[in-house]
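Engineer: For reference, the sequence and a predicted model appear below.
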Amino acid sequence: MVLAAGLGTRMRPLTNDRPKALVEVHGKALIDHMLDRLAAAGVETAVVNVHYFADLVEAHLKAREAKGLGPCIVISDERAQALETGGGVKHALPLLGEDPVFVANIDSIWIEHGGAAVDALAAAWNPETMDVCLMLASTSGSLGFHDSGDVFLEDGVVRFKDPGEIAPLVYVGVHICKPAITADGPEGPFSLLPLWKRLAADHRVHGVAPDGLWMHVGDPDARLAAEARLSQGDLAER
């Protein structure tokens, strides 16, 4: 599932006439950066939620499919109300089915060093020991994320930082989960983070930190910084 329903308020004025998903970085829409990563990892179908400028997103995705680019797209319509990350996954449960799925934000792009990060995430997944597996990066190996970090990783198990702590790793916007973890969530909008923290208390949230440079494209300045990094010849995205 690709989460593309956000308002992108921090990205204004670039999102005055388009959704954040269609803001371009290095000549490619943010949503295409993510869909291309997923397609390269063998993903055949992606559920994409839409809300803000939903018609533009749908038209863009249809044009992408017309070019023969995967994955096949299924729309989860949130025009009536944007449901945040947890609510978006819960709303899409009839489309996602029961098997584990990748869930991806559209505002993270990266340069891989030595291997495909999505493949590394998939290789780490073990449904016997985990309900969620997060793609993580070091604070020193990322741009535009929290300098104080999000989590610690201890033998592959995630521990969320306590108030006042500085953690070495940030969540970079892609994870694998059992979609049913959202089934008991409240009606309407809600975040995945409280669910993750409850599961982490039972050691059911794991993580992997592939080698690379991760960039959070959250505002116009971050977009310019990402474009500058991707434009460096020896660090061209691959």
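Structural biologist: It's in.

Engineer: which residues are in contact with the longest strand belonging to the chain?
Structural biologist: When the chain is scanned for its longest strand (criterion: DSSP state E), the result is strand 169-177. For strand 169-177, contacts defined as CB atoms under 8 Å, 6 or more residues apart in numbering pick out 34, 89, 100-105, 107-108, 110, 117-118, 121-122, 125, 131-139, 142, 145-146, 149-153, 207, 209, 214, 216. Any C-beta I mention is one placed from the backbone N, CA and C, and that applies to glycine too.

Engineer: Could you do stretch 79-86 as well?
Structural biologist: 3, 5-7, 49-52, 54, 88, 90-91, 103, 182, 185, 188-195.

Engineer: so how far is that stretch off the chain centroid?
Structural biologist: Between the mean C-alpha location of stretch 79-86 and the chain-wide mean there is a distance of 16 Å, by CA atoms, centre = their mean, to the nearest Å.

Engineer: for it, how far is the first residue from the last?
Structural biologist: Using CA to CA, to the nearest Å, the end-to-end distance of stretch 79-86 comes to 16 Å.

Engineer: buried ones in that stretch?
Structural biologist: Buried residues in stretch 79-86, counting neighbours by 16 or more other CB atoms under 10 Å, are found at 82-86.

Engineer: Keep only those of these that are in helices.
Structural biologist: Among the buried residues of stretch 79-86, the members found in helices (DSSP state H) are 84-86.

Engineer: Which of those sits closest to Lys178?
Structural biologist: Gly86 (13.2 Å; CB to CB).

Engineer: Now the residue found closest to Thr9 once you drop the neighbours it is linked to in the chain. Its backbone dihedrals?
Structural biologist: Nearest non-adjacent residue to Thr9, counting by CB to CB, 6 or more residues apart in numbering: Thr15, 7.3 Å away. Main-chain torsions, Thr15, degrees, to the nearest 10: phi -100, psi 20.

Engineer: Over to Glu227?
Structural biologist: With angles defined as degrees, to the nearest 10, Glu227 sits at phi -60, psi -40.

Engineer: Export only the CA atoms of the longest strand of the chain, formatted as PDB.
Structural biologist: Extracted in PDB, the C-alpha atoms of strand 169-177 (Å, rounded to 0.1, in the frame of the first residue of the first chain):
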ATOM      1  CA  LEU A 169      17.900   5.400  14.000                       C
ATOM      2  CA  VAL A 170      14.900   7.000  12.200                       C
ATOM      3  CA  TYR A 171      12.000   5.400  10.500                       C
ATOM      4  CA  VAL A 172      12.200   6.200   6.800                       C
ATOM      5  CA  GLY A 173       8.700   5.600   5.600                       C
ATOM      6  CA  VAL A 174       8.500   1.900   4.400                       C
ATOM      7  CA  HIS A 175       7.500  -1.100   6.500                       C
ATOM      8  CA  ILE A 176       6.000  -4.500   6.200                       C
ATOM      9  CA  CYS A 177       3.000  -5.400   8.400                       C
END
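
Engineer: Off-centre distance for it?
Structural biologist: The chain centre lies 7 Å from the centre of strand 169-177; the measure is CA atoms, centre = their mean.

Engineer: Past it, which element shows up next along the chain?
Structural biologist: Using DSSP states H and E, the helix or strand that follows strand 169-177 in sequence is helix 193-200.

Engineer: who's in contact with that next one?
Structural biologist: Contacts to helix 193-200, defined as CB under 8 Å, 6+ apart, come from residues 85-86, 131-132, 134, 158-160, 181-182, 185, 205.

Engineer: Appreciated, that's everything.
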